[in-house]
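Asks: what follows is a predicted structure for the sequence shown.
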Amino acid sequence: MDAERDAVPDDIAALKKALAVERAKGLEIAAELAVARAKASEDEALTAQQTLQIAKLRYQIYGQRSERSSRLIEQLALAFEELEVDAAEDELAAERAVAKR
């Protein structure tokens with residue numbers, strides 16, 4: 001541990017300044033976390049989109065092997081739409097967090 005950082009100042013002005021610095025660090029970390037979550041959501045949505053495209057292409061190439069194929073494609077499409085919405089919400093949350101900084 002850093003002894004200088006652990007030392008608590010006695011005067012109120014120094015305490016207020018230290019509190020402000022820590023709050024700013026907290027906001028910065030929260031913004032970075034929100035941006036990382038938005039990026040992860042984007043990546044997840046992209047993966048879902050590519051999985052859906054692969055399923056559709058396989059369906060076009062091999063035709064309908066069973067009813068399961070078409071249901072799977074529908075489920076993948078719904079999952080992709082949900083992930084797109086989540087990614088958009090995370091992007092907005094990241095923008096708000098960065099704006100607070």
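Replies: Right, received. Where do you want to start?
Asks: separation between Glu32 and Lys39?
Replies: Note on Glu32: its distance to Lys39, by C-beta to C-beta, to the nearest Å, is 11 Å. For every residue, glycine as well, the C-beta is placed using N, CA and C.
Asks: ok, Ser69 next?
Replies: Taking C-beta to C-beta, one finds Ser69 at 32 Å from Lys39.
Asks: okay, now the unreliable bits of the protein?
Replies: Applying pLDDT under 70 to the chain flags residues 1-6, 64-68.
Asks: so which helix or strand takes in Lys17?
Replies: helix 12-62 (DSSP states H and E).
Asks: that helix packs against which elements?
Replies: helix 67-100 (3 or more C-beta pairs under 8 Å, 6 or more residues apart in numbering; DSSP states H and E).
Asks: find the nearest non-adjacent residue to Glu84, please.
Replies: Once flanking residues are discounted, Glu84 sits nearest to Ala45: 5.1 Å by C-beta to C-beta, 6 or more residues apart in numbering.
Asks: neighbours around that neighbour, how many?
Replies: Using other C-beta atoms under 10 Å, Ala45 has 21 other residues around it.
Asks: is it true that it touches Glu89?
Replies: No: the criterion here is C-beta atoms under 8 Å, and Ala45 misses it with Glu89 at 11.3 Å.
Asks: just give me the neighbour total for Glu95.
Replies: Neighbours of Glu95 using other C-beta under 10 Å come to 14.
Asks: how close does it get to Arg101?
Replies: 11 Å.
Asks: check Glu32 too.
Replies: 9 Å.
Asks: quick one, what contacts the residue nearest the centre of the chain?
Replies: For the chain, the residue sitting closest to the mean C-alpha position, by C-alpha atoms, centre = their mean, is Arg37 at 1.9 Å. Applying C-beta atoms under 8 Å, 6 or more residues apart in numbering to Arg37 gives the contacts Asp90, Ala93, Ala94.
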